[in-house]
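Participant: This is a predicted model, with the sequence first.
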Amino acid sequence: MNQSQQKRIYLDNAATTQPYKEVIDVITEWENTQYGNPMSVHADGRTARNQIDIAREIITETLECEFSELVFTASGSEAATLAIVGSALHHFENKRKRILFGSTEHECVLSTKNILTKLGYQIDLIPCLSNASININALEDMMSDDVLLVSTMHANNETGSINDVSKINAIVSSYGALHHVDAVQTYLTPIFSDYIWKVADINPDLMNISSHKIHGLKGAGALYIKRGVKLSSVISGGGQERNLRGGTEHTSSIIGFGKATEIGHLHMNENRKKKMDLRNYFLDLLRKISNIEMIESCSNYKNVLPGHAHVRFKNIDAESLLILLDRAGVSCSTGSACSGGSINASHVLLSSGFTPEEAKSSIRFTFSHLNTIKEVEDTIEILSKIFNEYIR
């Protein structure tokens, strides 16, 4: 069986996830029968608006926040941009002119620096620890009354390390600053146990999530905006989403977001356990292969997302290994998928103290509950074969 015929093994679930069949079914039915603009006042438009509101209600119920506190966008990246740039625009005449980002944030956060500096803001990066989590002591030292906003991840998309965002929030709020949390990697994922976190556990002012990271479709994200927090719109349009996000809503993707949330929320704990079991089994098998020398980026998996395995292989660079795995039918990555398709030394790993050579030898395997034990075993067999044939 050649590569075009064989079923590929997808281990890049931090980049995107396979949509649930139920999501595809509900969206297909919608697209085949409905196409009203949700801003139209006629029956077709009202039907579309009702479906968007149903999705909003499903998501806000899982977060235990108010219906009016959730704004739909076209992606998690757009939602993060709205949170950060929207805050900067609204508070443009404020005396607070510093904004702090974690040094290992996603590019969608870090890339806002260009427009923020043009608006007169000073951007400072918070140092991180060796596992890519925020150095909270450094954050405390950097805080002052001139800070407008602090943006931190709930968990890092590359290493999977989890930040203590509630502790970060307590520090940030004590200075009267806004706290934005990027929860794209953690939404519908119980973190340290079977406990399902809610907005109140983090208490952010702003928080972004994304549909395609929870087995929904691409084309829908959302921003939680705490009641009383003010933003200016970044995209002008026809008054959609309470005048905060112009442009016709992508109704079918939002419907899919709601359906994926409904399914994922129902099975959160069992999905977490399966991802963790698959990840641990993968690492256990990998450690037993005598011809593979590797270093795990995280020594304590208690503070790592359940499906993340970030490893550095000796004697081969990540780009070469990625190509060989891809040819063998395994999809994984070297880090964030939103980096223009290029393979460079990861800013996350460089900020964590890796040398450029070490950063370029790191691979991220991320598991979904839809993966199987056989896929894990097949991947280990493929890795062993690659090292036998190419590493001498």
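Facilitator: Noted; the coordinates are in hand.
Participant: Is residue 12 in contact with residue 331, as I believe?
Facilitator: Yes - counting by CB atoms under 8 Å, residue 12 touches residue 331, with 4.9 Å between them. All C-beta atoms are positioned from the backbone trio N, CA, C, and that covers glycine.
Participant: So which of the two has more stuff around it?
Facilitator: Between residue 12 and residue 331, residue 12 has the larger neighbour count (other CB atoms under 10 Å), namely 18 against 15.
Participant: Could you measure from the more buried one over to residue 366?
Facilitator: Counting by CB to CB, to the nearest Å, the separation of residue 12 from residue 366 is 6 Å.
Participant: Next, show the common contact partners of those two.
Facilitator: 332-333 (CB atoms under 8 Å, 6 or more residues apart in numbering).
Participant: now the helices: where do they sit in the stretch 51-200 of the chain?
Facilitator: Counting by DSSP state H, counting those that start in this stretch, the stretch 51-200 of the chain has helices at residues 76-90, 107-110, 113-118, 136-142, 165-174, 199-202.
Participant: Make TSV out of those helices and add distance to residue 294 and mean neighbour count.
Facilitator: Shown next, in TSV, are the helices of the stretch 51-200 of the chain (distance: least, CB to CB, whole Å; neighbours: other CB atoms under 10 Å):
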stretch	distance to residue 294	mean neighbour count
helix 76-90	30	24
helix 107-110	27	18
helix 113-118	34	14
helix 136-142	29	14
helix 165-174	30	17
helix 199-202	34	16
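Participant: what's the closest of those helices to residue 249?
Facilitator: Ranking the helices of the stretch 51-200 of the chain by proximity to residue 249 (CB to CB) places helix 76-90 first, at 12.4 Å.
Participant: who touches the closest one?
Facilitator: Contacts for helix 76-90 (CB under 8 Å, 6+ apart): 71, 73, 99, 106, 108-109, 112, 115-116, 119, 121, 148-149, 151, 178, 180, 182, 184, 206-210, 213, 221-223, 225, 230-235, 244-245, 338.
Participant: Weed out the non-buried ones from those residues.
Facilitator: 71, 73, 99, 106, 108-109, 112, 116, 121, 148-149, 151, 178, 180, 182, 184, 206-210, 213, 221-223, 225, 231, 233-235, 244-245 (16 or more other CB atoms under 10 Å).
Participant: Which members of those residues are positioned in strands?
Facilitator: Judged by DSSP state E, these include 71, 73, 99, 148-149, 151, 178, 180, 182, 206-210, 221-223, 225 as members of strands.
Participant: Out of the helices of the stretch 51-200 of the chain, flag the one nearest residue 390.
Facilitator: helix 107-110 (31.0 Å).
Participant: I'd like the average pLDDT over the closest one.
Facilitator: Mean pLDDT, helix 107-110: 96.
Participant: helices or strands up against it?
Facilitator: helix 76-90 (3 or more CB pairs under 8 Å, 6 or more residues apart in numbering; DSSP states H and E).
Participant: Give me the neighbour count for residue 236.
Facilitator: Counted with other CB under 10 Å, residue 236 comes out at 10.
Participant: mind listing what it touches?
Facilitator: Residue 236 neighbours (CB under 8 Å, 6+ apart): residue 246.
Participant: Repeat that for residue 34.
Facilitator: Per CB under 8 Å, 6+ apart, neighbours of residue 34: 44, 47-48, 51, 251.
Participant: Could I get the phi/psi values of it?
Facilitator: The phi/psi pair for residue 34 (degrees, to the nearest 10) reads phi -130, psi 140.
Participant: okay, now the domains of the chain?
Facilitator: Domain ranges of the chain: 9-19+267-390, 21-266, per automatic domain parsing.
Participant: Where among these is average confidence lowest?
Facilitator: The minimum mean pLDDT among the domains of the chain belongs to domain 9-19+267-390 (a mean of 90).
Participant: Quick one: the helices in the stretch 201-350 of the chain, in order.
Facilitator: Secondary structure of the stretch 201-350 of the chain by DSSP H, counting those that start in this stretch: the helices cover 240-243, 251-266, 268-287, 318-327, 347-351.
Participant: Need those helices in TSV (columns: mean neighbour count and distance to residue 378).
Facilitator: Compiled in TSV, the helices of the stretch 201-350 of the chain are given as follows (neighbours: other CB atoms under 10 Å; distance: least, CB to CB, whole Å):
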stretch	mean neighbour count	distance to residue 378
helix 240-243	16	44
helix 251-266	23	26
helix 268-287	18	11
helix 318-327	17	11
helix 347-351	22	27
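Participant: Could you dump those helices into JSON lines and include distance to residue 381?
Facilitator: Compiled in JSON lines, the helices of the stretch 201-350 of the chain are given as follows (distance: least, CB to CB, whole Å):
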{"stretch": "helix 240-243", "distance to residue 381": "48"}
{"stretch": "helix 251-266", "distance to residue 381": "31"}
{"stretch": "helix 268-287", "distance to residue 381": "9"}
{"stretch": "helix 318-327", "distance to residue 381": "12"}
{"stretch": "helix 347-351", "distance to residue 381": "28"}
